[in-house]
Each structure stands twice: as structure tokens, then as C-alpha cells.
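**Q** Need a 3D model of the sequence below.
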Amino acid sequence: MNAPFTPDLISLVVPAFNEEENLPVLVERLRDVMEPLGPYEILIIDDGSTDQTKAVLRQLSQVHDELRFISFSRNFGHQMALRAGYEHARGACAISLDADLQHPPELIPTLVQKWREDFEVVYTVRKPDPTLSWRKRFTSRNFYKLLRAASDLELEDGAADFRLLDRKVIDTLKSFKENDLFLRGMISWVGFRQCRIEYEPAARFAGTTKYSFKKMFQLAVMGITSFTTKPLYASVVLGLLMALFSTLFGLEVLYEYFFTDGIVSGYTTVVLLTLLIGGAQFIVIGIIGVYLGKTFVEVKQRPPYIIGDTSEIEEVITWQAPAPRAYSSPLT
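**A** Model (predicted):
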């Protein structure tokens, strides 16, 4: 659904999943920051939380007129929650930040100032956090390295979803029909006049992180396959290398058999070659399968998310399958 546009309004887009303890504090800090900046709205997207997040949001929306919420029918993921927020934001710009308070709300005036200097994308980059575990630092650092190496994206280390987008950029993103939308990469890809701001991440106020290694890996695969076909070309190169290796090894075996007294390796050699070539084949099939899977998801044209409830009942959207096409039977 296209939200009505309101000039001069600043929209705050906040994805939330099981953040019942953080939301009251977050809303108060956002209100303190936004009051001097002019008219604003706070739009919180409940990504199918299993705790009391929706109940807290309903209570807060009854107290604060500037707060709206959208609640998904189930968990659709952080990227889909962000997408829904952008699609339902009413402001001349939208600022997205997480609900865990690691994205400092006090940085928002700086983002708005840059926007008023005619920057259309103001993105933030997280400074290295020495308090993170070595595992988290390792996965985060290599996440961006993998994306840069395997795709055509130039994402900086520490690039976050804490950003400001001008209405022009939001409308551009809304025009894309992809279901599997990797927003960090897409915002880098669309261009426009962009500005970079560094920040020091704060400690999570309450709860635990929702981004596991599995989710980071899935996000990396989605980012790579959404922006490049390099893995497909890499599978071709891998196949050529395996063919070359097999040819050279075969020539060596023939030479030993006909021109030397050496004994040609038997069972062990066959097993090792079978495992090597079989492993390479599975890698290639897996790469092709990921791309086919993405195509399968896109052609079904299912909605990227389903809204189960909102703070404004009339905005609830229910998706219906298209009516079957009428046809005449060849037997009549």
C-alpha cells in the first residue's frame, strides 16, 4: 500500500522483533530527540514477535499520537520489516534504526542536518566495537569482505541499517518488484547524493541479539545472488579446472602404464578422485540451485510480507489469490 505523503514530516522506521523491554525507553528517547526537529512520526514494525511487543506497541500508540505500528502475521525477517516501514512511511524522508538502542537516537539530528544540506542518502558506519566477542567481530568483518569479493557491491565494513533516505529514494525503492530485496545493497546501487557518518554503537539496552551466524550467512547469500552472477561464472571456472586436473592426471596414469614399470594407483586414487570431482559437482549444483530457488520465489509473486494488525484498523491488508481465469472446455 502507498502511504499518503506529508511534506516536512520526518518518518522514523523501527523494525522490532521481541523487543518489549526496549520499546518504552526507545520511544521516549526518540520523542526527546525529535521534538526540536519539527513534525515527525514513529512507525514501528512488529516482525511477528512472540513476546508482548504488540501489546506494548498498542499501549504506546494510545498514549502517543505520533506513534503508529504495523504487526506482521508472522516473522518475515528484518529486511522485510524495513521494507514495510519504507512503504508505509508518510514523511519527506525516513530514518531507519533498530529497536535495541544500539543505533543511538541522539545521532538523528546530524542525519537530518545532512539531509537539509541536500544529501539524499545519509548512511552510517559502525566503528569497531572492542566489547564484541571475537566470533561476532569475525563474522561481521568477513560478511562485508565476502559481499565485496563475490558481488559488484562496494559496502563498507560496519555499514548499518541506521540511515536516512529522502522521499525520492524511497519512491525509487518502492518501484522495484523484487520480493527478495537486499536493502543495504540496493541503497548503495541506486546512487543519488550520499553522505557517510561514523558512530560508536551503544550496548544493547535489554534482550539478546536476533542476528545469529545462520542469519548473517543467509543475508550474505541473498546479497550476493541479488546483485551478481559471479558465482555462476565461478562454477564454470571450477568445472574447467577440474577437467584440466583430470586430463593431466589421466595423461600421467597413461604414461606410467605404457612407459614405466610403475604400478598405476588403484582403489585409493579412484576414491580420492571421485570425492574431489563429486564435491566440486555438488558446489556447482548448489550455486545453480540458489539462483533457481530465487527465480522460483519471484515467479510465484507472493506478497513479501503480510500485515496482521496495525494501530489503524482500516489499514489492515489481507492478501487474496487472483480469481481463476475463465476458459471454455474443448469438449463443449
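
**Q** which stretches of the stretch 151-300 of the chain form strands?
**A** Assigned by DSSP state E, counting those that start in this stretch, the strands in the stretch 151-300 of the chain fall at 159-166, 194-199.

**Q** Quickly note the distance from Arg90 to Pro7.
**A** Distance of Arg90 to Pro7, given as Cβ to Cβ, to the nearest Å: 10 Å. Every C-beta, even on glycine, is put in place using the N, C-alpha and C of the backbone.

**Q** Buried residues of stretch 18-34, list them for me.
**A** When burial is assessed from 16 or more other Cβ atoms under 10 Å, stretch 18-34 yields the following buried residues: 18-23, 26-27, 29-31, 33-34.

**Q** Export those residues as a markdown table, with columns for secondary structure and pLDDT.
**A** Converted to a markdown table, these look like this (DSSP: H, G, I helix; E, B strand; the rest coil; pLDDT from 0 to 100):
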| residue | secondary structure | pLDDT |
| --- | --- | --- |
| Asn18 | coil | 87 |
| Glu19 | coil | 85 |
| Glu20 | coil | 85 |
| Glu21 | coil | 86 |
| Asn22 | coil | 87 |
| Leu23 | helix | 88 |
| Leu26 | helix | 89 |
| Val27 | helix | 90 |
| Arg29 | helix | 91 |
| Leu30 | helix | 91 |
| Arg31 | helix | 90 |
| Val33 | helix | 90 |
| Met34 | helix | 89 |
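
**Q** According to the record, where do the domains of the protein fall?
**A** The domain map for the chain lists 10-215, 230-300, with the assignment taken from automatic domain parsing.

**Q** and Ile307, which of the ones you listed is closest to it?
**A** Closest of the domains of the chain to Ile307 is domain 10-215, at 5.7 Å (criterion: Cβ to Cβ).

**Q** picking that back up, TSV please, covering the buried residues of stretch 18-34 and showing distance to Leu244.
**A** Below are the buried residues of stretch 18-34 laid out as TSV (distance: Cβ to Cβ, whole Å):
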residue	distance to Leu244
Asn18	52
Glu19	54
Glu20	58
Glu21	58
Asn22	56
Leu23	59
Leu26	57
Val27	62
Arg29	60
Leu30	60
Arg31	65
Val33	61
Met34	62
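
**Q** if we can go back for a sec, out of the strands of the stretch 151-300 of the chain, deepest packed?
**A** Among these, strand 159-166 has the highest mean neighbour count (mean count of other Cβ atoms under 10 Å), at a mean of 23.
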